[in-house]
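Asks: Give me the fold of what follows.
(one chain, ligands or ions: 2)
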Amino acid sequence: MPSRFQRIGIAGAGAWGTALANAAARAGRDVVIWGRDAGAMETMRRARENRVHLRGVTLAPSVSPSSSLHSLSGCDAVLLVVPAQATRTVAAELRSHLPPGTPLVACAKGIERGTTLFMTQVLADACPSAVPAILSGPSFAADVAAGLPTAVTLASQELDLAEALATALGSASFRLYHSDDVRGVEIGGATKNVLAIAAGIVAGRGLGASAGAALIARGFAELTRFGRAFGARPETLTGLSGLGDLILTCSSPQSRNYALGLSIGKDGGFHPSGKLAEGALTANVLVAMAEAKAVEMPLAQAVEAVLSGRCTVEEAIGSLLARPQKAEL
Ligand SMILES: NC(=O)C1=CN([C@@H]2O[C@H](COP(=O)(O)OP(=O)(O)OC[C@H]3O[C@@H](n4cnc5c(N)ncnc54)[C@H](OP(=O)(O)O)[C@@H]3O)[C@@H](O)[C@H]2O)C=CC1
Ligand SMILES: O=C(CO)COP(=O)(O)O
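Replies: Residues are numbered from 1 along each chain as shown. Ligands and ions are numbered 1, 2, ... in the order given. Below is the predicted model of the structure:
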């Protein structure tokens with residue numbers, strides 16, 4: 001079906017950008033995907049495959065790879081799909097290429113270090129002429145690229161815009177729910193990554209399925225407390241972008257955050273694999289923001305302490321279990 005968002009730009013040619021490009025193409029859109037590496041983009045154009053970040057997935061015919069940011073200038077909406085800490089740089093570069101009023105959808109899951117800004121706040125700062133939105137929810141790139149059923153949330157302060165974008169990008173296998181709770185959606189994605197590292201540690205240490213379930217439930221209590229303190233709506237936190245993504249990421253080694261936790265749990269050391277694990281970059285800023293508002297987040301604090309080398313996994317587990325008994329709610 002024709003859409004006022006017929007031409008979709010994707011800024012960022014990693015696993016998620018590539019999967020979203022194919023999803024948008026499946027929805028009937030014409031897609032331009034931009035990546036910073038000219039050689040890699042030329043290979044992607046010729047091979048019709050992103051061999052670096054999403055090997056084995058054929059690019060849909062209506063997806064055009066490019067290494068020129070200017071190729072995004074004719075797009076009706078742009079999805080910004082680089083890591084959270086690179087979102088500002090790319091948004092600022094986009095500024096001179098996008099006509100004022102172009103919807104710019106943040107797809108990263110994190111909080112900017114140094115500024116403590118959420119993703120749409122970074123967009124508003126770095127590319128003020130665009131209209132910011134956020135897309136988040138339980139969705140592995142490989143699943144979306146393979147056309148497996150997936151549901152996510154797209155939020156904008158203008159509910160009509162969120163709905164129109166969700167309609168433009170959605171297909172039978174990629175369902176987008178719309179929302180105007182921007183803050184709630186971006187908090188869920190950023191927070192669950194830190195908790196997924198904790199879930200991986202629990203599994204890697206062999207602490208058992210009961211401990212894993214307790215971690216998800218108590219982790220969700222932390223996510224909810226943090227969300228409420230920073231203006232999220234409770235019903236968003238129990239939805240796809242909050243609880244939904246927490247469950248996915250805390251239960252599958254397909255998650256890079258969970259996989260990082262698994263390796264820490266197994267041998268006690270933090271050895272970055274080279275794969276992006278946003279939770280490792282968000283833990284410190286999340287904990288600082290929670291402490292500034294006196295929000296209790298013992299699991300996130302434990303992850304941060306282990307990652308920074310201030311305590312061992314054994315010490316972190318010991319201090320969590322030694323916490324005084326308290327009411328559940
Ligand atoms: N993978 C997934 O299943 C999902 C990921 N996300 C989120 O999407 C975001 C991106 O993740 P994902 O695509 O998986 O990560 P990848 O590691 O697969 O890809 C990251 C991409 O960002 C590019 N990049 C990094 N820094 C810059 C920069 N400064 N300027 C321009 N481009 C840059 C990289 O380019 P280069 O190759 O040149 O280094 C690469 O193309 C993360 O926040 C993640 O949490 C959300 C949902 C699902
Ligand atoms: O956000 C994701 C799934 O919703 C992807 O998780 P990882 O970044 O941990 O791989």
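Asks: Report the spatially nearest residue to the one residue in the chain that gets nearest to ligand 1, omitting neighbours in sequence.
Replies: The nearest approach of the chain to ligand 1 comes at residue 14, 1.8 Å away (CB to the nearest ligand atom). The way it works is simple: take the backbone N, C-alpha and C, and place the C-beta from them, glycine included. What sits nearest to residue 14 in space, not counting adjacent residues and going by CB to CB, 6 or more residues apart in numbering, is residue 53, at 4.6 Å.
Asks: Need phi/psi at the one you found.
Replies: Main-chain dihedrals, residue 53, degrees, to the nearest 10: phi -110, psi -20.
Asks: got it, and residue 175?
Replies: phi -100, psi 130.
Asks: now do the one 4 residues further on
Replies: When read as degrees, to the nearest 10, the backbone of residue 179 gives phi -160, psi 160.
Asks: ok now do it, which residues does it touch?
Replies: Neighbour list for residue 179: 153, 154, 155, 159, 162, 185, 236, 239 [criterion: CB atoms under 8 Å, 6 or more residues apart in numbering].
Asks: Mind checking which of those are buried?
Replies: Neighbour counting by 16 or more other CB atoms under 10 Å classes 153, 154, 155, 162, 185, 236, 239 among those as buried.
Asks: Out of those residues, name the two that are farthest from one another.
Replies: 162 and 239 (13.6 Å; CB to CB).
Asks: residues near residue 314, how many?
Replies: Counted with other CB atoms under 10 Å, residues neighbouring residue 314 total 10.
Asks: Which members of the contacts of residue 179 occur in strands, if any?
Replies: Cross-referencing the contacts of residue 179 against strands under DSSP state E gives 153, 154, 155.
Asks: Mind listing residues that contact stretch 244-262?
Replies: 109, 136-140, 142, 151, 188-189, 191-204, 212, 215-216, 219-220, 223, 270, 272-273, 275-280, 303.
Asks: again, 6 Å this time
Replies: 137-138, 140, 188, 192-193, 196-197, 199-201, 203-204, 216, 220, 275, 277, 279 (CB atoms under 6 Å, 6 or more residues apart in numbering).
Asks: what's the average pLDDT for it?
Replies: Mean per-residue pLDDT for stretch 244-262: 97.
Asks: That one near ligand 2 anywhere?
Replies: Yes. Applying CB under 6 Å from any ligand atom, one finds that stretch 244-262 is in contact with ligand 2 at 245, 248, 249, 255, 256, 257.
Asks: Can you name the two of those that sit furthest apart?
Replies: Longest span within those, CB to CB: 245 and 256, 13.6 Å.
Asks: Settle it for me: which of those two has more neighbours?
Replies: Taking other CB under 10 Å, residue 245 and residue 256 do not tie; residue 245 has more neighbours (27 against 22).
Asks: which SSE is the more buried one in?
Replies: Under the criterion of DSSP states H and E, residue 245 resides in helix 245-249.
Asks: anything in that helix near ligand 1?
Replies: No. Using CB under 6 Å from any ligand atom, helix 245-249 stays clear of ligand 1, with a minimum separation of 8.3 Å.
Asks: can you pull the buried residues of the next helix or strand along the chain from that helix?
Replies: Downstream of helix 245-249, the first helix or strand assigned by DSSP H and E is helix 256-267. Residues 256, 257, 258, 259, 260, 261, 262, 263, 264, 265 are the ones in helix 256-267 that count as buried (16+ other CB under 10 Å).
Asks: mind saving the C-alpha coords of the helix or strand of the chain with the lowest mean pLDDT as PDB?
Replies: Ranked by mean pLDDT, DSSP states H and E, the weakest helix or strand in the chain is helix 313-321, scoring a mean of 90. Output of helix 313-321 as PDB, limited to C-alpha atoms (Å, rounded to 0.1, in the frame of the first residue of the first chain):
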ATOM      1  CA  VAL A 313      31.300 -12.200  40.700                       C
ATOM      2  CA  GLU A 314      31.400 -14.200  44.000                       C
ATOM      3  CA  GLU A 315      31.400 -10.900  46.000                       C
ATOM      4  CA  ALA A 316      28.600  -9.500  44.000                       C
ATOM      5  CA  ILE A 317      26.500 -12.600  44.500                       C
ATOM      6  CA  GLY A 318      27.300 -12.700  48.200                       C
ATOM      7  CA  SER A 319      26.300  -9.100  48.800                       C
ATOM      8  CA  LEU A 320      23.100  -9.500  46.800                       C
ATOM      9  CA  LEU A 321      22.100 -12.600  48.900                       C
END
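Asks: Thank you kindly, that will do.
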